[in-house]
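Visitor: Take this sequence and fold it.
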Amino acid sequence: MIFLSASPELAPNIGMTETREYRAKEFKWDGLKLRLKSGRLLATVEPDSKYEGMFRVRLPNGHLSDMANITWAKDAAIHLALANLNRPASHTEAVLARSNGVLTPIPGHAGSS
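Guide: Residues are numbered from 1 along each chain as shown. Below is the predicted model:
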């Protein structure tokens, strides 16, 4: 799915740019590695070093998740990858909180009144 967002500095002639939204169906598992179908590594599910049968998600930036069983770890990898890929480009768009089902800016952050 493609969204349009205003960004005059990036597209001065049309005033809008396309923002891509990734979906889980664009991912594939390569063993315990989650990849885009293009091959880009998104996350790796790895066994916990201390507790047998427990796993953690490692992101390409090195962050390691909390422990989970294999099913939950794979689900977490998909959700973390989607959140990372679909993160808004600007900080103002990113600093939003859910309040009674409505997205509202968080007070004290950029973009809030």
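Visitor: Same question for stretch 40-58: list its buried residues.
Guide: Residues 42-45, 54-58 are the ones in stretch 40-58 that count as buried (16 or more other C-beta atoms under 10 Å). The way it works is simple: take the backbone N, C-alpha and C, and place the C-beta from them, glycine included.
Visitor: Would you mind finding the longest strand in this protein?
Guide: The residue-count maximum for a strand in the chain (DSSP state E) belongs to strand 41-47.
Visitor: The next helix-or-strand element following that strand packs against which elements?
Guide: Note on strand 41-47: by DSSP states H and E, the next helix or strand toward the C-terminus is strand 55-58. Here strand 55-58 touches strand 41-47, helix 70-85, going by 3 or more C-beta pairs under 8 Å, 6 or more residues apart in numbering; DSSP states H and E.
Visitor: looking at those, which is closest to A24?
Guide: Proximity to A24 (C-beta to C-beta) singles out helix 70-85 among the helices and strands packed on strand 55-58, at 5.2 Å.
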